[in-house]
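Student: Curious how this folds, go ahead:
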Amino acid sequence: MAFIALNRVIAIVKSFGLNFAAIALIMSSLVIPPAALAQPALSPEVQAAQQALRQNMDYSSKARDQFGVGQVTKISVLPPYALATWTWGPTGGWAILIQRRSGWKVVTRRDDWIGLRGVVKFGVPEATAIKLLDQVIPDWRSLPSE
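Tutor: Numbering: from 1, shown residues only. As a prediction, the model looks like this:
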């Protein structure tokens with residue numbers, strides 16, 4: 001399929017009377033270097049918070065067989081607080097984590113929306129809660145408040 005598409009592009013470019021060198025230059029600009037596709041390196045704090053949430057979502061083998069393993073889809077960390085979104089099978093939601101001496105702990109993992117005041121009730125200072133929500137759920141202000 002890709003070969004057919006490539007041949008079509010070459011045919012179109014040739015129809016403009018361009019030579020092989022011009023075609024090669026155009027084609028090379030269409031290639032995305034592998035470095036551009038690489039994910040940015042995650043800080044150890046972000047990795048640890050993600051791992052804590054994944055462990056919190058590690059259910060019995062029967063549930064795992066049915067829905068697979070829960071996935072952290074987005075996370076923002078402003079130590080000692082973190083906010084993440086997750087999916088697991090047909091459902092998803094968000095979670096609040098707090099960093100303790102022993103590591104990251106999931107304070108709540110929910111599939112319902114409790115708003116900014118609800119996040120603050122779980123111990124996250126309001127200014128921090130706003131920053132975390134802005135990074136993880138950018139449209140949170142348009143959601144109904146608790």
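Student: need the next SSE after the strand ranked longest in the chain, C-terminal direction.
Tutor: Using DSSP state E, we find that the single longest strand of the chain is strand 91-100. The C-terminal neighbour of strand 91-100 among helices and strands, as given by DSSP states H and E, is strand 103-110.
Student: by contact count, what packs against that following strand?
Tutor: The helices and strands touching strand 103-110, judged by 3 or more C-beta pairs under 8 Å, 6 or more residues apart in numbering; DSSP states H and E, are helix 44-56, strand 91-100. Just so you know, the C-beta spots here come from the backbone N, C-alpha and C atoms, and that holds for glycine as well.
Student: repeat that with 10 Å
Tutor: Packing partners of strand 103-110 (3 or more C-beta pairs under 10 Å, 6 or more residues apart in numbering; DSSP states H and E): helix 44-56, strand 81-88, strand 91-100, helix 115-121.
Student: which residues are contacting the last one?
Tutor: With C-beta atoms under 10 Å, 6 or more residues apart in numbering as the test, helix 115-121 has contacts from 81, 83, 94, 96, 107-108, 110, 112, 114, 124-130, 132-133, 140-141, 143-146.
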